[in-house]
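Visitor: 3D model of this:
(one chain, ligands or ions: 2)
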Amino acid sequence: MTGATNGGPVGQVVRRAGDGFEQRYGGPPAGVWAAPGRVNLIGEHTDYNDGFVLPFALPHRTVVAASTAADDSWTVWSEQSGEQIVISAADVARPGAVDGWGGYVAGVIWALREAGFAVPAARLAIASDVPLGAGLSSSAALEAAVLTALVDLGGIGTDRLPVDQRPVLAQRAENGYVGVPSGIMDQSASIRCRAGHALFLDCRSLQVEQIPFDLATAGLAILVVDSQAPHRHVSGEYAARRATCEQAAAVLGVPALRDVPVDALPAALNRLPDDTMRRRVRHIVTENQRVLDTVALLHTGRVREIGPLLTASHASMRDDFEITVPEVDVAVGAALGAGAYGARMTGGGFGGCVLALVDADAAGQVAAAVDKAYADNGFTAPVCFTALPCAGAERIH
Ligand code: ADP
Ligand code: MG
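Guide: Ligands and ions are numbered 1, 2, ... in the order given. Next comes the predicted model:
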């Protein structure tokens, strides 16, 4: 098991981005920026139902070392991909023109230009320790780090582009340029999270509230288990869940399932035509309430008591929303069996990660129990690490 902390692996990523810049471009960068990956503490599939989510930023970050350039293009090297690419102004003007990872970078430039900002030509070197495609939001970390770097290099500043308007631009890069229909949570988390806090986000109003989530003082930690399970049928199943939720809202005559309060749930369920739809709706409505209940407990410092809400969220995703897979169910069961206060899959499902609320000094023992359960079931060994809530996107040098 690993713990990523400032000065540890994160410091190494900063160095690798800076060294990569010097090697590629023959001089030091004008600045270095970083943006984190995230886990969602609770609130799954609630985002596109106009509901509530509660992510926090990981210590894992994507780091961009960058300088402006004299020409009209963007040269970008990523350590992860091992490639250096050149994005032209013509590429930026045409969504989808750059595919693969470069599309996220081109998309950010495109979204900034669409919003009326002049983006300076630049050279960028990128390093990251956010695992790619594990559900920890490496794509938003990449977008947020590039956006923050380009905004600073262009002298755009928080007066012209306030921080609260940046997540929507990063999301546009992903939706409008890359073509991935993701919600607003990941970019909001990567840009707006604060150390020691979880970010309570209302996905309808886009209002956020910083919720104290001081695990360290409580002697607690979040253990993250990357299940290593191959993602199966993700986009098709995601689209199906989304469509069912929209149909249910139409049957119920509400703009979104967010508008069904938990005490109106029994009556709402009676009006729905089939059992699958009833279970999908029950997940969304109860999950929104669990986010609100979690926020209320954290407001009064009762961190340990959120455990049962996490575990109830998992049961709801497994039984009602049907988005879990055996690897994540086994990880949750093993973590609870080894003394975790609560555990749930986090992220869209069909693979990805599990988080467990544990005593900080018991994290190794809980991780060992998960390892053993995976071995007993013949699964690929998971990757476990502990995480405390860290800062959002920022300039480092
Ligand atoms: P997640 O956001 O959960 O990690 P996604 O599928 O949304 O998964 O995004 C993963 C993709 O983001 C990668 O396949 C790659 O194209 C891109 N990406 C993210 N970080 C980097 C990076 N540091 N270098 C190159 N590509 C990256
Ligand atoms: Mg992503």
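
Visitor: can you give me the end-to-end distance of stretch 205-222?
Guide: End-to-end distance of stretch 205-222 (C-alpha to C-alpha, to the nearest Å): 28 Å.

Visitor: before we move on, what about stretch 259-270?
Guide: 16 Å.

Visitor: show me where the chain has its strands.
Guide: Using DSSP state E, the strands of the chain run over 2-3, 31-40, 52-53, 55-68, 73-78, 83-88, 122-128, 197-202, 208-212, 220-226, 342-346, 353-359, 383-387, 394-395.

Visitor: distance between the last one and the chain's centre?
Guide: Looking back up the chat, that one is strand 394-395. Relative to the chain's own centre, strand 394-395 is displaced by 18 Å; criterion: C-alpha atoms, centre = their mean, to the nearest Å.

Visitor: name the helices or strands packed onto it?
Guide: Under the contact definition 3 or more C-beta pairs under 8 Å, 6 or more residues apart in numbering; DSSP states H and E, strand 394-395 sits against strand 31-40, helix 138-153. No exception for glycine: its C-beta is placed from N, CA and C like everyone else's.

Visitor: what does the chain put close to ligand 1?
Guide: Contact residues, the chain versus ligand 1 (C-beta under 6 Å from any ligand atom): 62, 78, 80-81, 100-101, 104, 126, 128, 132-139, 142.

Visitor: any idea how the protein splits into domains?
Guide: Domain segmentation of the chain under automatic domain parsing yields 10-212, 220-387.

Visitor: grab the nearest non-local neighbour of residue 130.
Guide: By the measure of C-beta to C-beta, 6 or more residues apart in numbering, the closest residue to residue 130 outside its immediate chain neighbours is residue 37, 3.7 Å from it.

Visitor: neighbours around the one you found, how many?
Guide: Counted with other C-beta atoms under 10 Å, residues neighbouring residue 37 total 32.

Visitor: okay, it: pLDDT?
Guide: pLDDT recorded at residue 37 is 98.

Visitor: okay, the angle between the single longest helix found in the chain and strand 197-202?
Guide: What stands out as the longest helix in the chain, according to DSSP state H, is helix 275-299. Computed by axes from the mean of the first three to the mean of the last three C-alpha atoms, to 10 degrees, the angle separating helix 275-299 from strand 197-202 equals 130 degrees.

Visitor: quick one: residues contacting residue 97.
Guide: For residue 97, the contact set (C-beta atoms under 8 Å, 6 or more residues apart in numbering) comprises 90, 91, 106.
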